[in-house]
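[1] Predicted model and sequence follow; I will ask about them next.
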Amino acid sequence: MALTGGEVLLERGNDGRVAYLTLSNGPYTVITWEMRQFVAERFAVLDADPEVRVVVVRSDGDHFTSGGDIAGFMEVDPIDFTDLGHNVTAAARSPKPVIAAIDGYCFGVGLEIALSCDIRLATPRSQFALPEMNLGMIPGSGGTQRLARLIGLSRAKFHIMTATRIQAAQALDWGIVAGLQDDREALYAAVDELAVRMAAFSPAAQRTAKEVLDKGVDGPLYTGIELERKAYAMLRATHDFAEGVAAFTEKRKPEFTGR
């Protein structure tokens, strides 16, 4: 049994459309074995809630997270590692858009959590790394695969096989993050603004776009285009599309319901 402790707090915004998952375990936000499961449990609740349209993942520590509870891992039976990574990568499987707000260290499993999110915003002081090589280990929760797909195989090999950190400016240049904000206050304000903006879109269109992008990018181009085409045809039959067209012609804001 691994060392326990820490929490993944769940709260909803004022109108219920935006939900916040806050990683909480001290200034460095160390991710315990228990917290990994909390991530999956919280997403299960949010995925089943039709009122929630966007999820934000953030931390209440001085850093997004310095990584996992290394000592605690030695108390876990090796057979329990068979499903390692399935819990903390719940954001990738969620049908809802997920935004990561990153300030400070984003290391190890913390980076794997962030890479599972759809959009990442950060601060200039943020640093990113998969440092498992320092322990005689490799990333085990999707880090090798997601980072390679995001920044390219050669760069991923260098940073994973040498445990070299990626600075915020480089992360922005390579597309690891979509933008940098001056400090945490500005970061959280920008994330809130983005989440509210995304929550106003059609949930059906957001869910479909996420699925088409995630599944299409790993296949041949013609497969992705075919997936896109059929998804487009499916959305044509939704009430949200009809509402969007009506709102456009009537010069008003659409009221999307997700149907």
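    Nice, thanks for sending it over.
[2] How far does stretch 170-178 sit from its chain's centre?
    15 Å (C-alpha atoms, centre = their mean, to the nearest Å).
[3] That stretch: end-to-end distance?
    End-to-end span of stretch 170-178 (C-alpha to C-alpha, to the nearest Å): 11 Å.
[4] for stretch 248-259, same thing?
    Between the opening and closing residues of stretch 248-259 we find a distance of 18 Å, counting by C-alpha to C-alpha.
[5] avg pLDDT for that stretch?
    If you average the pLDDT over stretch 248-259, you get 94.
[6] go on, stretch 181-193?
    98.
[7] Give me the buried positions along that stretch.
    Within stretch 181-193, the residues that count as buried by 16 or more other C-beta atoms under 10 Å are 181, 184, 187, 188, 190, 191, 192. All C-beta spots, glycine's among them, are computed from the backbone N, C-alpha and C.
[8] excluding its backbone neighbours, what's nearest the third one?
    The spatially closest residue to residue 187, leaving aside those adjacent along the chain, is residue 181, at 4.1 Å (C-beta to C-beta, 6 or more residues apart in numbering).
[9] Isn't that neighbour up against residue 125?
    No. Using C-beta atoms under 8 Å, residue 181 is not in contact with residue 125; the gap is 10.8 Å.
[10] Pipe the buried residues of stretch 181-193 into JSON lines and attach distance to residue 249 and secondary structure per row.
    Conversion of the buried residues of stretch 181-193 to JSON lines gives the following (distance: C-beta to C-beta, whole Å; DSSP: H, G, I helix; E, B strand; the rest coil):
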{"residue": "181", "distance to residue 249": "37", "secondary structure": "coil"}
{"residue": "184", "distance to residue 249": "42", "secondary structure": "helix"}
{"residue": "187", "distance to residue 249": "38", "secondary structure": "helix"}
{"residue": "188", "distance to residue 249": "37", "secondary structure": "helix"}
{"residue": "190", "distance to residue 249": "32", "secondary structure": "helix"}
{"residue": "191", "distance to residue 249": "33", "secondary structure": "helix"}
{"residue": "192", "distance to residue 249": "31", "secondary structure": "helix"}
